[in-house]
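Peer 1: A structural model of the following input is requested.
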Amino acid sequence: MTGPATILPEGTDKVGYGGAGRVAVVYERTGPGRAAIREAAELAGAGRELWVVTLAPQVLAARWGRAGGEGPYNVAMREEAEIELKEARELLGSLAGRATFTMLAGRPQPPLVKWVGENGLKLVLLPRHRFTPGGNRYAKGLRAETEAEVRLIG
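Peer 2: Down below sits the predicted model:
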């Protein structure tokens, strides 16, 4: 499996691409996901550095006979995450050129907590999930293991 795909804004490189105003938004194709990207756009418009991330949970691919290879579920999840990145870029409009876009894939869940910590993100906007304790499965881990402020949107 390949690592996360990161697209940096034009004219930047990873070295020195930092700052106290870093904001991450986890985008998904839901009402709360769109609300989170709208809030992220407001913050980016106010000068905050914006990172958009989509998640692609992966499973251990079953080996059927001699077929082997990548399981269709994993491929579909990564393709959906790429579609979400494209949609997030469209929703951001002119602000998209100043944002960083990343797709995280992992088994069983993408390493969002680790990624937030490694990139020094100060604020994480998560879509709220109605029937999930705490509003989002990642909120508790982010609050416990990173210094980032976590906001549930939607």
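
Peer 1: List of residues touching stretch 123-143?
Peer 2: For stretch 123-143, contacts defined as Cβ atoms under 8 Å, 6 or more residues apart in numbering pick out 22-28, 30, 32-33, 35-36, 39-40, 43, 48, 109, 112-113, 116, 146, 148-154. Every residue, glycine included, has its C-beta placed from N, CA and C.

Peer 1: In ChimeraX, how would I select the buried members of the residues you listed?
Peer 2: Those of the contacts of stretch 123-143 that count as buried under 16 or more other Cβ atoms under 10 Å are selected in ChimeraX with:
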select :22,23,24,25,26,27,28,32,33,36,39,40,43,48,109,112,113,116,146,148,150,151,152,153,154
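
Peer 1: In helices only, show me the contacts of stretch 123-143.
Peer 2: Those of the contacts of stretch 123-143 mapping onto helices are Pro32, Gly33, Ala35, Ala36, Glu39, Ala40, Leu43, Leu112, Val113, Val116, per DSSP state H.

Peer 1: who's in contact with the fourth one?
Peer 2: If I follow you right, that is Ala36. Ala36 touches Val25, Val26, Tyr27, Leu125, Leu126, Pro127, Ile153, Gly154, counting by Cβ under 8 Å, 6+ apart.

Peer 1: what does the first one give?
Peer 2: When contacts are counted by Cβ under 8 Å, 6+ apart, Pro32 touches Pro127, Arg128, His129, Ile153, Gly154.

Peer 1: Go again with 7 Å.
Peer 2: Neighbour list for Pro32: Pro127, Arg128, Ile153, Gly154 [criterion: Cβ atoms under 7 Å, 6 or more residues apart in numbering].

Peer 1: tell me which element the spatially most central residue of the chain is part of?
Peer 2: For the chain, the residue nearest the mean C-alpha position is Val53 (1.9 Å; Cα atoms, centre = their mean). Here Val53, judged by DSSP states H and E, is contained in strand 49-57.

Peer 1: quick one: low-confidence parts of this structure?
Peer 2: Residues of the chain meeting the criterion pLDDT under 70: 1-20, 61-69.
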